[in-house]
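[1] quick check, what structure comes out for this input:
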Amino acid sequence: MSTTPAPAATLLLVEDDHDLRQALASTLQRAGFEVAAVETAEDGLATLQQQAVDLVISDIRLPGMHGLALLQKLQAANPGLPVVLMTAHADAAMAIAALKAGARDLLLKPFGADALVAAARRHARLQQPATQGSGLVCHDPLMRAVQARVERAAPTDASVLLTGESGTGKEVMARHLHWASRRAQAPFVAIHCAAIPDSLLEATLFGHEKGAFTGATRQQAGKFEQAQGGTLFLDEVGELPPDTQVKLLRVLQERCVERLGGLHPISVDIRLVCATNRDLAADVASGRFREDLYYRLAVFPVVLPPLRARPGDIVPLARHAAQRYAESFGMGPVQLSAAAEAALLAHPWPGNVRELENTVQRGLLLCDQGLIEPAHLELQDRAAAPPAPAPVALPRDPGVATAAHMASQAEAMAGRPRNVRDVEREHIQAVLQQVAGNRKLAIAILGISERALRYKLKAYREQADEALPPELTDNLTGSLP
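    Residues are numbered from 1 along each chain as shown. So this is what the prediction gives:
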């Protein structure tokens, strides 16, 4: 077994038994991890105030604060931080409680060194820098909450449906989901359903035997077989024709495929992730998309917000793209000037992340001496671009901001300059929508005090033309101490 973990993984170990704590820490350090080992949950929380970690491994029975209470505090203060719990007294009820509370794994004592190291490697990699894994860049709190939601589903095989406007990064998020799962070492196979003619789509998905149709000169495994053991990503799944929808539903039900012209079913073990910028619920209502297939695909729905709704990601994404494209172009070090970054922040980005990356590429090609200035981005030529389409509307999901609220944000921003107060108000409203009005979660994400949040909400309510969405006003009015 390899003893090299993902780079720079730092673990917090919480175990009250001195000898066991030393042994566990030594095992993890020999496997290449940086380990901060403490005796109590209180010491663990204090440690997290001083340094960032990639994973917390904690006993459940601790002196003082219980391990499950520690888990709850970590979930509130550090959304997305993976936590693995240990116990020698587990029963079914405790295991269910731990996993429901957000634990990524439960290790039953006594366990071997291999089991400990394997769990650490499996879950610590969720927090590694994006350039070492999936390519995901999440700095804005709204997008970090989406990332945390995706990572909750990662250890399972539940089907995930990613929705959002074109160019929001659905394939990147699908790759992150794969990278964060137990299938990370197996293939990730992506197919764009709208880019393949209907006449070839079934053969591409399910494979074909030699002679199955004109031009089938050899046997060919389909995408399901190619993704064996890993993840199959169906982009623009809403474009599937009705006949293919029926066959896809059968594959999901029976977990096997039949190649065109084949006589025997082939078992497949894959995790299915789908994406679309369509409103599939509306397509179901109109009869365009099968209802039974929709519910199979949307076991775990995730809405990716448009770039204009997550301004905290704009500059980090631009810097990441500049570095990546500079390397691919064989250029030296490159950076964006402060004025260029300000210009990026002021742009509405109707084309989302895809438009941002294209803009950065253009800036790289036009800049001199590795410094991108506003003129190199040529954003002024696109100021009159048509407004972006409204984001996809899905059934209300308290885990992420609703598409309808995102659309209202876009409408509110249209036709007026975005000043700091506007951005702050819209960001606070988006976070409150994201957590369904839960003030404790909102405070944790926003990084402000309850008093500050109360003051800001009171100010917004007092402005006749800047009211909060009614559902948030109803939930929050009078609820803050």
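[2] and residue 369, how many neighbours does it have?
    Each residue near residue 369 was counted by other Cβ atoms under 10 Å, and the total is 6. For glycine as for every other residue, the C-beta is placed from the backbone atoms N, C-alpha and C.
[3] meant to ask about residue 246, not that
    Burial of residue 246, expressed as a neighbour count using other Cβ under 10 Å, amounts to 13.
[4] then residue 344?
    Counted with other Cβ under 10 Å, the burial measure for residue 344 works out to 24 neighbours.
[5] tell me how far it lies from residue 328.
    Residue 344 sits 20 Å away from residue 328, going by Cβ to Cβ, to the nearest Å.
[6] what does residue 85 give?
    43 Å.
[7] what residues sit buried inside stretch 102-118?
    If you call a residue buried by 16 or more other Cβ atoms under 10 Å, then stretch 102-118 has these buried ones: 102-107, 116-117.
[8] find the centremost residue of this protein, please.
    residue 147 (3.0 Å; Cα atoms, centre = their mean).
[9] residues near the spatially closest residue to it that is not a sequence neighbour, how many?
    Ranked by Cβ to Cβ, 6 or more residues apart in numbering and with sequence neighbours excluded, the top spatial neighbour of residue 147 is residue 138, at 4.6 Å. Summarising burial for residue 138: neighbours were counted as other Cβ under 10 Å, giving 23.
[10] where does residue 138 land in three-state SS?
    Following DSSP: H, G, I helix; E, B strand; the rest coil, we place residue 138 in the coil state.
[11] how near is the nearest residue to residue 89 once chain neighbours are set aside to residue 168?
    Distances taken as Cβ to Cβ, 6+ apart put residue 61 closest to residue 89, at 6.8 Å, once the chain neighbours are dropped. From residue 61 over to residue 168 the distance is 43 Å, taken as Cβ to Cβ.
[12] ok, those two, which is more surrounded?
    Residue environment comparison for residue 61 versus residue 168 gives the larger neighbour count to residue 168, 29 against 13, counting by other Cβ under 10 Å.
[13] Three-state assignment for that one, please.
    Residue 168 ends up coil, using three-state DSSP.
[14] report the contact partners of it.
    Contact criterion Cβ atoms under 8 Å, 6 or more residues apart in numbering gives 304-307, 352-353 as the residues in contact with residue 168.
[15] and those, which is closest to residue 210?
    Nearest to residue 210, judged by Cβ to Cβ, of the contacts of residue 168 is residue 304 at 40.9 Å.
[16] and the closest one, what is it in contact with?
    When contacts are counted by Cβ under 8 Å, 6+ apart, residue 304 is found next to 146, 162-165, 168-170, 173.
[17] now stretch 326-342: buried residues?
    Buried residues in stretch 326-342, counting neighbours by 16+ other Cβ under 10 Å, are found at 326, 334, 336, 340-341.
[18] and the strand or helix carrying residue 454, what other elements does it pack with?
    Taking DSSP states H and E as the criterion, residue 454 maps to helix 450-462. Contacts defined by 3 or more Cβ pairs under 8 Å, 6 or more residues apart in numbering; DSSP states H and E place helix 450-462 against helix 420-434, helix 439-446.
[19] mean pLDDT for these: which is lowest?
    Of all the helices and strands packed on helix 450-462, the segment with the smallest mean pLDDT is helix 439-446, scoring a mean of 70.
[20] show me what the host helix or strand of residue 362 is packed up against.
    Counting by DSSP H and E, the secondary-structure element that holds residue 362 is helix 352-366. Where contact means 3+ Cβ pairs under 8 Å, 6+ apart, helix 352-366 is packed against helix 314-328, helix 338-346, strand 371-372, helix 374-377.
[21] what are the pairing partners of the very next helix or strand once past the first one, and which direction each?
    Proceeding C-terminally, helix 314-328 gives way to strand 335-336 as the next helix or strand, assigned by DSSP H and E. Strand 335-336 pairs in its sheet with strand 371-372 (parallel), by DSSP bridges.
[22] avg pLDDT for the strand it pairs with?
    Strand 371-372 comes out with an average pLDDT of 94.
[23] so how far is that strand off the chain centroid?
    Relative to the mean C-alpha coordinate of its chain, strand 371-372 is positioned 30 Å out (Cα atoms, centre = their mean, to the nearest Å).
[24] hmm, who's touching it?
    Residues external to strand 371-372 that are found in contact with it (Cβ under 8 Å, 6+ apart): 322, 334-337, 340, 360, 363-364.
[25] at 6 Å instead, please
    Strand 371-372 is touched from outside by 336-337, 340, 363, with contacts defined as Cβ atoms under 6 Å, 6 or more residues apart in numbering.
[26] what of stretch 284-299?
    With Cβ under 6 Å, 6+ apart as the criterion, stretch 284-299 contacts 158-159, 161, 245, 249, 252, 274, 280, 283.
[27] list just the nearest of these to residue 457.
    For the contacts of stretch 284-299, the minimum distance to residue 457 (Cβ to Cβ) is 32.8 Å, reached by residue 161.
[28] so in that sheet, which strands flank the helix or strand harbouring the closest one, and in what orientation?
    Taking DSSP H and E as the criterion, the element that holds residue 161 is strand 160-163. Within its sheet, strand 160-163 is paired with strand 271-276 (parallel), strand 300-303 (parallel), according to DSSP bridges.
[29] helices and strands of this structure: which one has the lowest mean pLDDT?
    When the helices and strands of the chain are scored by mean pLDDT, DSSP states H and E, helix 403-413 comes last with a mean of 43.
[30] so where does residue 281 fall, helix or strand?
    Under the criterion DSSP H and E, the helix or strand holding residue 281 is helix 280-286.
[31] mean confidence for the helix or strand following that helix?
    Beyond helix 280-286 in the direction of the C-terminus, DSSP H and E gives the next helix or strand as helix 291-297. Averaging pLDDT along helix 291-297 gives 95.
[32] now swap in stretch 225-242 and tell me
    94.
[33] show me which positions of it end up buried.
    In terms of neighbour count (16+ other Cβ under 10 Å), stretch 225-242 has its buried residues at 225-228, 230-240.
[34] ok, residues contacting it?
    Outside of stretch 225-242, the residues within contact range by Cβ under 6 Å, 6+ apart are 174, 178, 183, 186-190, 192-194, 198, 207, 269-276, 278, 280.
[35] kind regards, and thank you for your time.
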